[in-house]
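*Asks:* task: produce atomic coordinates for the following.
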Amino acid sequence: MRCGWYVKIRGQNYHLFVFCGHFLNECCIGLTPGPGLASNTLKDPFMKLFHVLLLSFFASLHAFAGPHGPEFIENKRQWNPEIAYKAHLPGGALFLTSGALVYSFYSVEDLNEIHELTHEGKEVDHLPVRNHAYKVHFEGANSNPQILPQKAASYYHNYYLGNDPSKWSTYVHLYEKTSYKNLYPGIDLDMYGKDGQMKYDFVIRAGVDPNLIQLRYEGVHPTLNAKGELLIQTSINSLTESAPYVYQLIQGERKTVKAQYVLNGQTLSYAFPEGYDTKYDLVIDPVLVFATYSGTTGTTYGFSATYDITGHLYAGGQVFAAGWPSTAGAFQSTFGGMQDAGINKYTATGNALIYATYFGGSGADLPNNLVVNANDELVVLGSTTSGNMPVTAGCFDNTLGGGADLYVAHFNASGNGPDWFNLCGRFSGRWSKFIFIKSELW
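*Replies:* Below is the predicted model:
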């Protein structure tokens, strides 16, 4: 069964349609651009196919990592105020706060199993997903250190999470590196990505006692192995911190210093059996290795793709990201509550991200179809089970009417706004992941 409506959005003609397949027990929804919109501008069918396939590839592989590894996203009201920066990790996230590093992981295995159930038409939003969080407290440290970012990325994020506009954020910057300045007196902590891994350096200025560094773990029980590595086993994954590599720069040469971890209960410190030259700075340089997971730092399922008149590429996906944990240790969340819609805009060559916009509420939010008009304004048609979507003032419908509703959102060329966000239907079927982009009205 197929039904549809002609709608006019900012003077542009669109066809809003729903296709219901009884055999699949699914509904497919889409926006068809009218004459003059971007989908009519690329006439070559091979180019159209190339763009759609390329964008579907981007949407399914999108990671939250930069060219060197995890990046640090500033908090501009979109998250808990305790968070200064967030970095996405394989199967989880790292939150930087004044007093601790907070690691939160979810079970990628659970997500993949649930994702397979969606292809069988099963209702999955209520299914549990295992999580585990732990904290690394800076014992005896400065309670309010400066956390300074370095090396800003060329792209940015926009966040429209929930229906409170005071928590919406635009032009959120990402950085390759952050530094805790004077975390301990005379000691800085630098954090950055390298070769796809998360790294951190303690930089200890000449004459300062490195024994000031005391790292207390909460939510896990770290151990040391025969290689001198720190092992961290959570309920869903394992991590290893390599044996500390320590060095000094003396007269322009890097001199290695023998060092080892000291684990006293839950608290970690460092020892230097052969001493070192206290007249020079000391750098402690371990690497955090994720033993359980490999590949990208985010879990994203591609849903839709399109392009605009100038050839920019757009990818829409279902994004799963670790949220701020209320406690340390093992806990559960629901599959639906972990999902948001994510839209990426790339350059025409597809080799550089321009922006990423995330929006949604407390339920499952999907960007089923994308259309860009002649002004490079993006229109998203999707489905949601959230009762707190980021609807705008004066919209036609701002209330979730059933198990799942349709929504239409309009973003400007910068990916922010939203200029308007509206709920516009009440349906109970599962929403398909098929892409419906046509070059003419039915």
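*Asks:* low pLDDT regions in the chain?
*Replies:* By pLDDT under 70, the low-scoring segments of the chain are 1-68, 288-302, 336, 393-403, 418-442.
*Asks:* which residues of it fall in helices?
*Replies:* Assigned by DSSP state H, the helices in the chain fall at 45-61, 108-118.
*Asks:* can I get the last one as PDB, trimmed to CA atoms?
*Replies:* This points to helix 108-118. Extracted C-alpha coordinates of helix 108-118, given in PDB (Å, rounded to 0.1, in the frame of the first residue of the first chain):
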ATOM      1  CA  VAL A 108      28.900  -3.800  20.800                       C
ATOM      2  CA  GLU A 109      27.900  -7.500  20.800                       C
ATOM      3  CA  ASP A 110      24.500  -6.600  22.200                       C
ATOM      4  CA  LEU A 111      24.000  -3.900  19.700                       C
ATOM      5  CA  ASN A 112      24.900  -6.100  16.800                       C
ATOM      6  CA  GLU A 113      22.600  -8.900  18.000                       C
ATOM      7  CA  ILE A 114      19.700  -6.400  18.400                       C
ATOM      8  CA  HIS A 115      20.400  -4.900  15.100                       C
ATOM      9  CA  GLU A 116      20.000  -8.300  13.400                       C
ATOM     10  CA  LEU A 117      16.600  -8.600  15.100                       C
ATOM     11  CA  THR A 118      15.400  -5.400  13.400                       C
END
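*Asks:* list the buried residues in it.
*Replies:* With burial defined by 16 or more other CB atoms under 10 Å, the residues of helix 108-118 counted as buried are 108, 110-111, 114, 118. C-beta: built from backbone N, CA, C; applies to glycine.
*Asks:* nearest to Leu215, of the residues you listed?
*Replies:* The closest of the buried residues of helix 108-118 to Leu215 turns out to be Val108 (CB to CB; 26.6 Å).
*Asks:* wait, Lys177 sits on Leu189?
*Replies:* No - counting by CB atoms under 8 Å, Lys177 sits too far from Leu189 to count as a contact (11.2 Å).
*Asks:* out of those two, which sits in the busier spot?
*Replies:* Shown here are Lys177 and Leu189; by other CB atoms under 10 Å, Leu189 has more neighbours (23 against 19).
*Asks:* contact partners for that one?
*Replies:* Residues near Leu189 by CB atoms under 8 Å, 6 or more residues apart in numbering: 179-180, 183, 200-203.
*Asks:* ChimeraX command for the buried members of these?
*Replies:* Buried residues among those (16+ other CB under 10 Å), as a ChimeraX selection:
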select :179,180,183,200,201,202,203
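*Asks:* could I get the buried residues of helix 108-118 as a markdown table with distance to Glu241?
*Replies:* Formatted as a markdown table, those follow (distance: CB to CB, whole Å):
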| residue | distance to Glu241 |
| --- | --- |
| Val108 | 21 |
| Asp110 | 25 |
| Leu111 | 26 |
| Ile114 | 31 |
| Thr118 | 36 |
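*Asks:* now for these, which pair is the farthest apart?
*Replies:* Largest separation among the buried residues of helix 108-118 by CB to CB: Val108 and Thr118, giving 15.7 Å.
*Asks:* what bridges to Gly92?
*Replies:* Counting by DSSP bridges, Gly92 is bridged to Leu89, Phe105.
*Asks:* identify the residues contacting Val262.
*Replies:* Val262 touches 268-271, counting by CB under 8 Å, 6+ apart.
*Asks:* give me the buried subset of those residues.
*Replies:* With burial judged by 16+ other CB under 10 Å, the buried subset of these is 268, 270.
*Asks:* okay, the contacts of Val262 in TSV with distance to Glu218 next?
*Replies:* Shown next, in TSV, are the contacts of Val262 (distance: CB to CB, whole Å):
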residue	distance to Glu218
Leu268	12
Ser269	16
Tyr270	20
Ala271	23
